[in-house]
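[1] Need a 3D model of the sequence below.
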Amino acid sequence: ILSNAQTADKKWGVGLHFGTIQYQGDYGSEFFKYKDAHAAGMLSLSRYITPFIDVEGNLSGGLLDYTWNDANNLHQAFEGQLINLELLFKYKFNNGKLLKENSRLAPYLFLGLGDGIYKNKNFFPNGDNTTSNFPMGGGLKINLTERVAIDLRLNYHYTLTEFYDGLYPRNSHWNDQFLTSTAGVVFNIDKKDTDKDGVRDKLDFCANTPRQVM
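    Residues are numbered from 1 along each chain as shown. Predicted coordinates for the structure are as follows:
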């Protein structure tokens with residue numbers, strides 16, 4: 001029987017994710033235009049809280065840029081490195097009510113708080129800028145084994161800055177946004193069971209004695 005990636009006995013998961021990062025702001029939008037997207041990477045650490053909720057911390061990074069032609073048809077661009085740290089609260093559909101907890105397919109939604117550090121390469125002499133953002137989105141875990149799952153995710157970040165593209169139009173409320181699309185591998189860290197009898201060592205009076213098969 002397949003166990004879902006994280007349970008009360010398997011509370012921690014570590015993930016490595018790769019994908020794309022895309023800009024949207026006053027100059028235009030790259031959202032879902034993967035031809036112009038740049039590579040992004042992410043490390044994740046998640047913890048089981050209840051059958052419905054996981055908490056996850058992520059560290060991600062990538063190149064955020066955009067190119068366009070101005071009113072004189074001159075080529076313009078901005079470019080910068082973005083590093084984002086975020087805390088997510090994930091609602092799991094494989095909670096025993098909507099889907100079985102040991103479902104191979106485990107969709108989820110998430111909402112959280114992030115803090116991005118952006119270093120512009122072009123036109124800002126003051127260099128770095130740190131701004132808050134609100135990540136939200138959804139994903140799908142595909143549980144391959146009790147310890148390994150594939151994680152597919154779409155993460156939209158609503159930011160509180162106009163700094164990324166450097167354009168501050170009068171009366172504009174269109175903050176710069178970014179979108180990450182990733183695929184990754186999550187490794188479940190479970191409790192130790194030395195003799196592989198299904199009983200954790202902490203509760204096993206004979207931790208080195210495997211179960212006998214009659």
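[2] Residue 77 contacts residue 67, doesn't it?
    Yes: the criterion here is C-beta atoms under 8 Å, and residue 77 meets it with residue 67 at 4.3 Å. All C-beta atoms are positioned from the backbone trio N, CA, C, and that covers glycine.
[3] after the helix or strand of the chain with the lowest mean pLDDT comes which helix or strand?
    Lowest mean confidence among the helices and strands of the chain (mean pLDDT, DSSP states H and E): strand 28-29, at a mean of 86. Next helix or strand after strand 28-29 toward the C-terminus (DSSP states H and E): strand 38-48.
[4] Show me the strands in this structure, by range?
    Taking DSSP state E to define them, one finds strands in the chain at 12-25, 28-29, 38-48, 53-69, 75-92, 105-120, 128-143, 148-159, 177-189.
[5] Next, work out how far apart residue 64 and residue 187 are.
    29 Å (C-beta to C-beta, to the nearest Å).
[6] er, residue 86 I mean
    Relative to residue 187, residue 86 is positioned 20 Å away (C-beta to C-beta).
[7] Of the two, give the one with the bigger neighbour count.
    Between residue 86 and residue 187, counting by other C-beta atoms under 10 Å, residue 86 is the more crowded of the two (22 against 13).
[8] Next one: that one, what pLDDT does it get?
    Per-residue pLDDT puts residue 86 at 97.
[9] Kindly state the beta-bridge partners for it.
    With DSSP bridges applied, residue 86 shows beta-bridge pairing to residue 58, residue 114.
[10] can I assume it is in contact with residue 58?
    Yes: between residue 86 and residue 58 there is a contact under C-beta under 8 Å: 5.0 Å.
[11] ok, what's across the strand from residue 41?
    In this entry, residue 41 is beta-bridged to residue 18, residue 61, by DSSP bridges.
[12] Pretty sure it sits against residue 61.
    Yes: contact criterion C-beta under 8 Å: residue 41 and residue 61 qualify, at 6.1 Å.
[13] joint contacts of the two?
    Shared contacts of residue 41 and residue 61, defined by C-beta atoms under 8 Å, 6 or more residues apart in numbering, are absent.
[14] what residue ranges in the protein are flagged as low confidence?
    The model of the chain has pLDDT under 70 over residues 1-9, 122-128, 168-174, 191-214.
[15] ok, now with 80
    Applying pLDDT under 80 to the chain flags the ranges 1-10, 36, 68-77, 120-129, 162-163, 165-175, 190-214.
[16] which residues touch the least confident helix or strand of the chain?
    Applying C-beta under 8 Å, 6+ apart, the contact partners of strand 28-29 are 22, 23, 66, 68.
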